[in-house]
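A.B. asks: Below are the sequence and a predicted model; questions follow.
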Amino acid sequence: MNELVKRRKKFFEMTGASAALFKTSDSLQDSTVSYFSGLPKQFLANNLLVIKPTGKPLLIKSLLEPKISVPGVTVKNINKRKQLEGILKKELKGVKKIALNKPLHTSFSLRALKKLIGKKKLVDASKQLGKMRSVKSAIEIEKISKACKIAESVAESIEGIFTKGMTEKRLGLEMESMLREKGDNTLPFPPIVASGKNATAPHSIPSTKRITKGLLMLDFGACFKGYCSDITRVFSVGKAGKKQQQLYANVFAAKQFSQSQIKTGVIMGEVFDKAAGFLKKETGFPLIHGLGHGLGLDTHDFPSGFLSGNKEKLQKDMVLTVEPGIYGKFGGIRLEDDVVVTKKGCRSLTNAPAELLLL
């Protein structure tokens, strides 16, 4: 039994449903479609996936979308609503309970879906999906690991592609090109390139500002067969002062401390609290964002991650980011690595340098 079949079997055991519908559109991208079918994420626009406890998944897609063929998936092309109604009537014959990922539906799409299926019962399976996708399989971890290696190879190439005085936007485009060439022709998110004061905003947007001196923060990732990596590295353009070097060392120590708190059974909110306390003590700066998030088919995948007040416990084979950061007049210093939870700790998939790198 292959992994996709096992996932579908487990899903129906958890939900008690006899069919599931996962809809995607230009504005609604649900990676659950890839999770259960193996379809590439770039083909997720304007499609409807139907899965049942037995048999192949069925992808119903518009003729306007690219042709696609995936082993183990039946694809039907339509160009009229009546065709969709006819296919669903046949596929859902005898089905009484249909599962869906409700939080990713708008009220409009829910009304349209209810109109299509008639009096059949719709149930929200988002909690079950979250539990399933929180713990990664060996195959998923291997894909994430390869995405991590791609991101790290680009990090190691920054010195070669950076020229003093280039704009944040230009550096971001160069990085994006490398990430696409080495991995999937898609990205988890556009690279964050933030120099000097621009790095005081954790999610700064690359601008036409020229990078001439000071700290440079780069937050980026790669995709490999649909799975994401997400790392952040900090460089010094020109010689860094002692204060900058010390702050970097303190943030690195906070990252190492944070990772030392991670193991199976630990409450995620407690990891955040301890890490935030350590960071404040070492640097004098508060942790103004989460310590990290789940990683997988989505950049912000399940589990929700190291957030204040999160009572969820870490489980073996969860994959998360660890990203303490500080922001002030000096700019920003955030170090982000990706880890796999183990019984007694965590295994690093990426490793930020212990010292501030010079460009």
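C.D. replies: The structure has been received and is ready for your questions.

A.B. asks: Check whether the spatially most central residue of the chain sits in a helix, strand or coil.
C.D. replies: Against the mean C-alpha coordinate of the chain, by C-alpha atoms, centre = their mean, the closest residue is Thr299 at 1.3 Å. Counting by DSSP: H, G, I helix; E, B strand; the rest coil, the backbone at Thr299 sits in coil.

A.B. asks: State the distance from Ile150 to Ile144.
C.D. replies: 11 Å (C-beta to C-beta, to the nearest Å). All C-beta atoms are positioned from the backbone trio N, CA, C, and that covers glycine.

A.B. asks: May I see the buried residues of the least confident helix or strand in the chain by mean pLDDT?
C.D. replies: Every helix and strand of the chain was ranked by mean pLDDT, DSSP states H and E. The lowest is helix 107-117, at a mean of 84. Buried residues in helix 107-117, counted by 16 or more other C-beta atoms under 10 Å: 113, 116-117.

A.B. asks: So which of those is the closest to Ala354?
C.D. replies: Leu113 (51.8 Å; C-beta to C-beta).

A.B. asks: from the chain's centre, how far out does the top helix by length along the chain sit?
C.D. replies: In the chain, taking DSSP state H as the definition, the longest helix is helix 138-161. From the chain centre to the centre of helix 138-161 is a distance of 14 Å (C-alpha atoms, centre = their mean, to the nearest Å).

A.B. asks: contacts for it?
C.D. replies: Residues outside helix 138-161 that contact it (C-beta atoms under 8 Å, 6 or more residues apart in numbering): 3, 136, 171, 174-175, 178-179, 182-183, 218, 220-231, 233, 235, 295-296, 317, 319, 338, 340, 349-351, 357, 359.

A.B. asks: So which of those are in helices?
C.D. replies: Per DSSP H, the subset of the contacts of helix 138-161 in helices is 3, 171, 174-175, 178-179, 182.

A.B. asks: Please work out how many residues are found near the closest residue to Thr32 other than its chain neighbours.
C.D. replies: Spatial nearest neighbour of Thr32, chain neighbours left out: Phe22 (4.9 Å); criterion: C-beta to C-beta, 6 or more residues apart in numbering. Residues lying near Phe22 (other C-beta atoms under 10 Å) number 27.

A.B. asks: what's the answer for Pro353, then?
C.D. replies: Counted by other C-beta under 10 Å, the residues lying close to Pro353 total 14.

A.B. asks: what residues are up against Phe22?
C.D. replies: Applying C-beta under 8 Å, 6+ apart, we find Phe22 in contact with 30, 32-33, 36, 48-49, 51, 100-101.

A.B. asks: Run a quick check on Pro53 versus Val5, I expect a contact.
C.D. replies: No: in this structure Pro53 lies outside contact range of Val5 using C-beta atoms under 8 Å: 10.4 Å.

A.B. asks: buried sites along the helix or strand hosting Lys281?
C.D. replies: Assigned by DSSP states H and E, Lys281 belongs to helix 268-283. Buried residues in helix 268-283, counted by 16+ other C-beta under 10 Å: 268-269, 271-276, 278-279, 282-283.

A.B. asks: Surely Met268 and Asn310 touch.
C.D. replies: Yes: with contact defined as C-beta under 8 Å, Met268 reaches Asn310; the gap is 4.5 Å.

A.B. asks: hang on, the earlier thing: let's have the buried residues of helix 107-117 in JSON lines, adding distance to Pro324.
C.D. replies: Conversion of the buried residues of helix 107-117 to JSON lines gives the following (distance: C-beta to C-beta, whole Å):
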{"residue": "Leu113", "distance to Pro324": "42"}
{"residue": "Leu116", "distance to Pro324": "47"}
{"residue": "Ile117", "distance to Pro324": "47"}
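
A.B. asks: of all those, which comes closest to Lys164?
C.D. replies: Using C-beta to C-beta, these come closest to Lys164 at Leu113, 54.4 Å.

A.B. asks: so that closest one touches Lys23, yeah?
C.D. replies: Yes: here Leu113 reaches Lys23: they are 6.9 Å apart, a contact under C-beta under 8 Å.

A.B. asks: Understood, closing this out.
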